[in-house]
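Student: sequence and predicted structure, then a few things I'm wondering about:
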Amino acid sequence: MSPRRSFLLYAFVLFALGVLLLGWFLLRGMHFGRPFGGSESQARAFSWRLEINNANTFYKNQQYEQALRLLAGFPVDELKPRQRQTVLLLQASAARALGLYATAIEFGDRALRIEATPFGYFLKGLIQEGGGQLDAAAASWQEALRLDGDYAPARERLGDAAFFRKDYRRAMDYYRKGKGPGGAVSEPAVLKRAAAHYLLGEDGETLKLAEWYLEKSKSARDAELAWLLKAIAAAALDRPRDADEAFQKATGLASLGDKHFYKYYYALFLIRQKQYPQAVEMLGQITFIAGERNPAAHFALGLLYFRNQNWEQSLLYLDRNRRFASEQPDLYYYGVALYKLGRLNEALACFELIRARKRADEYSLSATLLAAICQARLGREEQSQSLVDEALDVWRDDVRAVYTLAYITLFHKQKKFMEKLQPWLGRPGYPQLALLLADYHLQDGRTAQALAAVNEYLQKNRPLPRVTKIAGDLYGRLKDFRHAEEAYLDALGLSTDDAEKRRILNNLAWVRWWKPVAPNTLEARTRQAEEARATLEDALRQEPDDPGFLFNSGVFARASGQNDVFADRMEKALAHLDLTQDKKLRSRVRHEKGLLLLEEGRRQAARESLRQALEEDPQNQAAELDFKRLP
């Protein structure tokens, strides 16, 4: 046989043998149902790994029922300990996601018996939290920290639990990890620390953490929340420009579903800046969300109109909200608005509803006292007295309760009420009671005796700005402008409250305008008007949008011949009175405008302005007289 034929025969035999061996292995693998070349146990392990991976895929895709169904009947006990624990934890997680907390706890406990791990206890805590076992959940997270003191998920969850208990200091201890603004267990925990600082009134720390997050964070997921925290902190720190920019950023970044949340806080900021029309517009955009009423926006609008004494508009929004929320503040402000509108029986029903809840809070006290005043004004002496006695039993010596008793004493003018006030009349801390006798005298037109009672109090007690201001008011009534001016200056020196100072400056300005001058020439009266306006400017600089200050400043400007300043102040006063709806003041503004137009020879415009003044307030006798004088 030739060498070439021998080589070909040898190659053919080797090829045939290879085919036979390959077929045998394939048939063997197919017969036993396992992968080529593996043992039976290896094949089973491979199959289990596939099923576990498939179950995990179902879980990640939130197909929890499919995950549990796939793992049901799984031979967990045949797995190695680590695999067995993995399967049990996956089953516990899926059961938790479906709300099957008892089943989830059972799986989780079996996993922990294999090996106690931080994640195992963390998951158990989540399951217990979902089932409402909050103390047990906290204990499980503490156990996770015992195993690993730096286990971030457990620290953050314990921080959240403390946060919702309003234990903000403890919450921050859990959130914090390391030093510096970014020292936290996670980036979201930085913002949680910022929120905790804000709720503790530490606005500077809130701003620092929010700015750190915006500068350093790699995730844009919570950027809108960071901008919101920066905005409210900047607003509290009186940095309106930074706050406005941050609010706009937060609102712009927020998803459609969250925009109402950011717009709500933006509106509160605008209210704080006294930008009322813009706040009303902003809140108006979120009174309904996806067709549902937004109680927070309705309450904010109601409260905005309430603070501006627009009782009817306030009542409209508070009434809508009251039907949905019926919380203490909603009912209280709703009742006060009814009271201010003179709807005493409805207001009384509202206050009684608050009292029926028997809560020892500020709203309950105020509701009890206002109910007493309603009863007094409705002529029910015994009921009003009973309510005040009840308030004094619960809130003994509370100055508001004592002052309500004083109000009822003045209202009924009965000696028995005065006798009840005797224990407080000579005691410090109740300065207004010392003025009770003065009020009695004033009600009967005895201004001099009232002033004597006030001065007696000032001689016996440490002078208070409010009482000293009352002395100034009484001197003014008696046309003793020199002593009135001295009293107001003393009150200014004593007062530390900016709002009170502005009220004193307003009265001081009028006293300086009313006091007689010698010689009584036009030049002297002009200087006097300029002095009065200059006095009021200090108050106007602090409250540039106050309609009353604008009106008074305009009157003084006109008296000093500054008609352009007068016109500007009156227009601004009217613009802000559109919101507050103080019809009497608006009538006075239109009356003054009409007089100026008349002086300028614009009779038709003057007639229209005076007509509007009477339309606003038909009781404005001065406007009626000037209107009738027009040809």
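Tutor: On my side now, so go ahead.
Student: run the chain-centre distance for stretch 483-493.
Tutor: 38 Å (Cα atoms, centre = their mean, to the nearest Å).
Student: show me what that stretch is in contact with.
Tutor: Outside stretch 483-493, the residues that touch it by Cβ atoms under 8 Å, 6 or more residues apart in numbering are 463, 465-466, 468-469, 471-473, 475-476, 501, 504-505, 507-508, 511-512, 515. Yep, even glycine has a C-beta here, placed from its N, CA and C like the rest.
Student: low-confidence ranges, the stretch 151-300 of the chain, go.
Tutor: Within the stretch 151-300 of the chain, the ranges that satisfy pLDDT under 70 run 178-185, 218-221, 254-262, 286, 288-294.
Student: all strands for it, in order.
Tutor: 288-289, 292-293 (DSSP state E, counting those that start in this stretch).
Student: surely residue 58 meets residue 71?
Tutor: No: Residue 58 is not in contact with residue 71 according to Cβ atoms under 8 Å; the separation is 9.3 Å.
Student: give me the common contacts of these two.
Tutor: With Cβ under 8 Å, 6+ apart, residue 58 and residue 71 have no common neighbours.
Student: now do the contacts for residue 455.
Tutor: With Cβ under 8 Å, 6+ apart, residue 455 has these contacts: residue 471.
Student: where does it land on pLDDT?
Tutor: If you check residue 455, the pLDDT there is 82.
Student: distance from the helix or strand encompassing it to the middle of the chain?
Tutor: Using DSSP states H and E, residue 455 maps to helix 447-460. On the basis of Cα atoms, centre = their mean, helix 447-460 sits 43 Å off its chain's mean C-alpha point.
Student: residues of it that come out buried?
Tutor: Across helix 447-460, burial judged by 16 or more other Cβ atoms under 10 Å covers 447, 450-451, 453-455, 457-458.
Student: from residue 161, how far out is residue 152?
Tutor: 15 Å (Cβ to Cβ, to the nearest Å).
Student: now residue 610
Tutor: Taking Cβ to Cβ, one finds residue 610 at 67 Å from residue 161.
Student: more neighbours: which of these two?
Tutor: residue 610 (28 against 20; other Cβ atoms under 10 Å).
Student: now the more buried one, what's its secondary structure?
Tutor: Here residue 610 is helix, with the state taken from DSSP: H, G, I helix; E, B strand; the rest coil.
Student: just to be sure, which of the contacts of stretch 483-493 are found in strands?
Tutor: Among these, DSSP state E puts none in strands.
Student: drop anything exposed from these.
Tutor: 463, 465-466, 468-469, 471-473, 475-476, 501, 504-505, 507-508, 511-512, 515.
Student: before we move on, the earlier item: could you dump the buried residues of helix 447-460 to JSON lines with distance to residue 403?
Tutor: JSON lines is the format used below for the buried residues of helix 447-460 (distance: Cβ to Cβ, whole Å):
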{"residue": "447", "distance to residue 403": "22"}
{"residue": "450", "distance to residue 403": "18"}
{"residue": "451", "distance to residue 403": "21"}
{"residue": "453", "distance to residue 403": "17"}
{"residue": "454", "distance to residue 403": "16"}
{"residue": "455", "distance to residue 403": "21"}
{"residue": "457", "distance to residue 403": "15"}
{"residue": "458", "distance to residue 403": "19"}
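Student: from residue 138, how far out is residue 131?
Tutor: From residue 131 to residue 138 the distance is 13 Å (Cβ to Cβ).
Student: which parts of the stretch 51-200 of the chain are helices?
Tutor: 64-71, 81-97, 101-114, 118-130, 134-147, 152-164, 168-175, 187-199 (DSSP state H, counting those that start in this stretch).
Student: which strands or helices does the fifth one pack on?
Tutor: Going back to what we said before, that points to helix 134-147. helix 118-130, helix 152-164 (3 or more Cβ pairs under 8 Å, 6 or more residues apart in numbering; DSSP states H and E).
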